[in-house]
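# build me a model from this:
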Amino acid sequence: MTVNEKIRVYLKEHGIMQTAVARATGINIKTFNYLINGKSEMSVDRMVAICKFLNVPVSFFLDDESKNLTTNG
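Below is the predicted model:
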């Protein structure tokens, strides 16, 4: 699963709206949609901002071993 797919699944599983993430991170909603749908390449800065908002480490979405996208705690 790609990083953008992992983020998309995480948002869906946790009931988090794309618009909420986009607003909180300062990413235009259309751009955010392109990012998580793989139509645009995600920069490190945007990845960090998204992870900060979601309160997960960047490695959470980069880890190939991660099959379960739910967090502990």
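
# what's the neighbour count on Asn37?
For Asn37, the count of nearby residues is 12 (other C-beta atoms under 10 Å). C-beta here means a position set from N, CA and C on the backbone, and glycine is covered the same way.

# sorry, that was for Val21
Residues near Val21, counting by other C-beta under 10 Å, number 20.

# kindly report the same for Asn55.
For Asn55, the neighbour count with other C-beta under 10 Å is 9.

# and if you look at Tyr34?
Counted with other C-beta under 10 Å, Tyr34 comes out at 16.

# which ones are touching it?
Ser40 (C-beta atoms under 8 Å, 6 or more residues apart in numbering).

# just checking, next helix/strand downstream of the host helix or strand of it?
Element membership of Tyr34 [criterion: DSSP states H and E] is helix 29-36. Downstream of helix 29-36, the next assigned helix or strand under DSSP H and E is helix 44-54.

# roughly how far apart are the closest residue to Ser40 other than its chain neighbours and Ala49?
Of all residues not flanking Ser40 in the chain, Tyr34 sits nearest, at 3.8 Å (C-beta to C-beta, 6 or more residues apart in numbering). Distance, Tyr34 to Ala49, by C-beta to C-beta, to the nearest Å: 15 Å.

# from the contact counts, what lies against the helix or strand bottoming out on mean pLDDT in the chain?
Sorting the helices and strands of the chain by mean pLDDT, DSSP states H and E puts helix 59-62 at the bottom, at a mean of 92. Packing partners of helix 59-62 (3 or more C-beta pairs under 8 Å, 6 or more residues apart in numbering; DSSP states H and E): helix 3-13, helix 44-54.

# what angle sits between the host helix or strand of Thr19 and helix 44-54?
According to DSSP H and E, Thr19 maps onto helix 18-25. Angle, helix 18-25 to helix 44-54, by axes from the mean of the first three to the mean of the last three C-alpha atoms, to 10 degrees: 110 degrees.
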